[in-house]
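Undergrad: below are the sequence and a predicted model for it; my questions follow.
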Amino acid sequence: MRLLRRQGGWLFGGLLLCSAPVPPALFAQTSHTVNPLASRAMNWPGYAPPVIVADAPSIGPGNAALRSALIPGAGQYALQQNRSWVYVGLEVIGWGFYADRRRSGAGLRREYRDYAWQEGRLEAGSRVDGDFDYYETLSKWDRSGGFDLDAGLAGVQPEEDPTAYNGLIWSRAVGIYSVDPAAGPGDARYDDAIRYYEERAYGPGFLWDWTGSPGARATYAGIIESSDERFRQARNALGFVIANHLVSAVDAFVSARARGVRIESRILPGPTETGLTFAATLIRGRQ
């Protein structure tokens, strides 16, 4: 303010924002146009020379988004943004957790299959592993019951005890086809029920009985539940990885659209050649 009083003028400060460069003539500072006050202002302790933020690398929004969709952080890296490494780190963590959970789940799956064979299944011949539904059924039923109660007779003599899994299947078949209790092979409804039973009941090689090992089924159920949980966590990790790709792609697209923006600042003579004007220009490059 002391400087202003000596000059007898006013210091005029303004901020000009526009979407195109300020005309070059406005920035001309020759010996006959520069106000002495402006020259002295450049020697002030707080004066800083004009700062220009350079244009971002020339890469289109679609290109940047595609790069980050394929490899999270790649678009940001091309735009010279430090947060590219954040996306890379999240990608590594996500895949690492996925691999760990899958490996752990597979190990527990082998464990519960071995346990079922050793403790619950009725070992008959060489071991044949069933599908996932089979092992889930083993965790819920104490025993399968028989499949063919009298192998000496022609056809299949189904398990009739409904407290056993195969017995339940036969009871369901009888109800579905309204089988007469006195009916036998040759009766159309009975034959339909037998076909239903044969398709859904577990046959030789897959029968089981936990009743001889108290607590074994509960132990088995705990192992299979732990395995299922590991696989669920693996699926969640895969979902996280996919989300990381999508978020990175969107971020790269938005960042690329905002590229080419720079700010130029100048201290210029005032309107009446007695003060100073601060001009700032926001310049947006080509999209």
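TA: All right, it came through fine. Numbering: from 1, shown residues only.

Undergrad: which secondary structure element is home to W95?
TA: helix 84-115 (DSSP states H and E).

Undergrad: by contact count, what packs against that helix?
TA: helix 74-78, helix 216-257 (3 or more C-beta pairs under 8 Å, 6 or more residues apart in numbering; DSSP states H and E). Bear in mind the C-beta positions are built from the backbone N, C-alpha and C, glycine included.

Undergrad: buried deepest among the ones you listed, which one?
TA: Comparing those by mean neighbour count (mean count of other C-beta atoms under 10 Å), helix 74-78 comes out on top with a mean of 23.

Undergrad: ok, I242 to A74 distance?
TA: 16 Å (C-beta to C-beta, to the nearest Å).

Undergrad: residue contacts, D191?
TA: P185 (C-beta atoms under 8 Å, 6 or more residues apart in numbering).

Undergrad: in the stretch 51-200 of the chain, where is pLDDT below threshold?
TA: By pLDDT under 70, the low-scoring segments of the stretch 51-200 of the chain are 51-58.

Undergrad: the helices in it, which residues?
TA: 61-70, 74-78, 84-115, 132-138, 165-177, 188-200 (DSSP state H, counting those that start in this stretch).

Undergrad: now those helices as JSON lines including distance to G152?
TA: Output for these, formatted as JSON lines (distance: least, C-beta to C-beta, whole Å):
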{"stretch": "helix 61-70", "distance to G152": "66"}
{"stretch": "helix 74-78", "distance to G152": "71"}
{"stretch": "helix 84-115", "distance to G152": "33"}
{"stretch": "helix 132-138", "distance to G152": "28"}
{"stretch": "helix 165-177", "distance to G152": "19"}
{"stretch": "helix 188-200", "distance to G152": "17"}
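
Undergrad: residue contacts, V88?
TA: I71, P72, G73.

Undergrad: most neighbours of all these, which one?
TA: P72 (28 neighbours; other C-beta atoms under 10 Å).

Undergrad: residues near the closest residue to I169 other than its chain neighbours, how many?
TA: In this structure, I169 finds its nearest non-sequential neighbour in A201, 4.5 Å apart by C-beta to C-beta, 6 or more residues apart in numbering. Counted with other C-beta under 10 Å, the neighbours of A201 add up to 25.

Undergrad: ok, A201 to A237 distance?
TA: Distance, A201 to A237, by C-beta to C-beta: 38 Å.

Undergrad: find the nearest non-adjacent residue to the residue nearest the centre of the chain, please.
TA: For the chain, F240 is the residue whose C-alpha lies nearest the centre (C-alpha atoms, centre = their mean; 2.0 Å). Spatial nearest neighbour of F240, excluding adjacent residues (C-beta to C-beta, 6+ apart): G94 at 4.8 Å.

Undergrad: ok, that neighbour - contacts?
TA: Listed by C-beta under 8 Å, 6+ apart, the contact set of G94 reads A237, L238, F240, V241, N244.

Undergrad: would you format the residues you listed as TSV with pLDDT included?
TA: As requested, the contacts of G94 are arranged in TSV below (pLDDT from 0 to 100):
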residue	pLDDT
A237	97
L238	97
F240	97
V241	97
N244	97
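
Undergrad: closest to D100 out of those?
TA: Ranked by distance to D100 (C-beta to C-beta), the contacts of G94 are led by A237 at 8.5 Å.

Undergrad: ok, that closest one touching G105?
TA: No: judged on C-beta atoms under 8 Å, A237 makes no contact with G105 at a distance of 11.4 Å.

Undergrad: residues in contact with the residue nearest to I169?
TA: F147, P158, E159, Y165, N166, I169, W170.

Undergrad: can you report how many residues lie near the fourth one?
TA: When you say that, I think you mean Y165. By other C-beta under 10 Å, neighbour count at Y165 equals 22.

Undergrad: go ahead and confirm it touches W141.
TA: Yes: using C-beta under 8 Å, Y165 is in contact with W141, at 4.5 Å.

Undergrad: returning to that earlier point: rebuild the contacts of A201 as JSON lines, extending it with distance to E225.
TA: JSON lines is the format used below for those (distance: C-beta to C-beta, whole Å):
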{"residue": "F147", "distance to E225": "28"}
{"residue": "P158", "distance to E225": "31"}
{"residue": "E159", "distance to E225": "28"}
{"residue": "Y165", "distance to E225": "19"}
{"residue": "N166", "distance to E225": "24"}
{"residue": "I169", "distance to E225": "24"}
{"residue": "W170", "distance to E225": "29"}
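
Undergrad: alright, I will stop here.
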